[in-house]
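*Asks:* Sequence and predicted structure are below.
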Amino acid sequence: GNGPVDAVYQAINRITDYPIELVKYQLTAKGHGRDALGQVDIVVSYNGRRFHGVGLATDIVESSAKAMVHVLNNIWRSQQVEKEKQRLQQNKHQNNQETV
């Protein structure tokens, strides 16, 4: 796309430098009238995995940005889990070598 939502996503991608691909974008209205909220659900592909994000705001661009930030936080958390798994695996390997 070439609208404001795409511009926000392009800016976020340039800042974070994550090679993500938007797989799904869904906008749902929550409520009615002027007080209605726009809920944006997105799915992105990153390093062969899919990540989901949700954003909710009265402004569609804002809810879209919130959804992308949610996705990026999920990606970051998954990276931290992987780092911890690797650290534990290395410690286990080192402990096994010490007992041999």
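*Replies:* Structure's in. What do you need? Residues are numbered from 1 along each chain as shown.
*Asks:* wait, what's in contact with residue 30?
*Replies:* 36, 37, 38, 39, 56 (CB atoms under 8 Å, 6 or more residues apart in numbering). Where you see a C-beta, it was placed from the backbone N, CA and C, and this is true even at glycine.
*Asks:* Next: residue 31.
*Replies:* Here residue 31 is in contact with residue 37 (CB under 8 Å, 6+ apart).
*Asks:* Mind listing the residues bridging to the closest residue in space to residue 66 that isn't next to it in sequence?
*Replies:* Distances taken as CB to CB, 6 or more residues apart in numbering place residue 55 nearest to residue 66, at 3.0 Å, with adjacent residues excluded. Beta-bridge partners for residue 55, by DSSP bridges, are residue 40.
*Asks:* Just give the number of residues close to residue 55.
*Replies:* Neighbour count of residue 55, defined by other CB atoms under 10 Å: 23.
*Asks:* That one reaches residue 61, doesn't it?
*Replies:* No - counting by CB atoms under 8 Å, residue 55 stays clear of residue 61, with 9.8 Å between them.
*Asks:* circling back: from the contacts of residue 30, which is closest to residue 21?
*Replies:* residue 39 (21.7 Å; CB to CB).
*Asks:* Would you agree the closest one is in contact with residue 27?
*Replies:* Yes - counting by CB under 8 Å, residue 27 is a contact partner of residue 39 at 7.2 Å.
*Asks:* And those two? Which one has more around it.
*Replies:* residue 39 (19 against 15).
*Asks:* so who does the residue nearest the centre of the chain touch?
*Replies:* Centre of the chain computed as the mean C-alpha position; nearest residue by CA atoms, centre = their mean is residue 71, 1.2 Å away. Residue 71 makes contact with 20, 42, 44, 51, 52, 53, according to CB under 8 Å, 6+ apart.
*Asks:* how much space is there between the residue lying closest to residue 57 once chain neighbours are set aside and residue 87?
*Replies:* Of all residues not flanking residue 57 in the chain, residue 63 sits nearest, at 4.1 Å (CB to CB, 6+ apart). According to CB to CB, to the nearest Å, residue 63 stands 36 Å off from residue 87.
*Asks:* likewise residue 76?
*Replies:* Applying CB to CB to residue 76 and residue 87 gives a distance of 17 Å.
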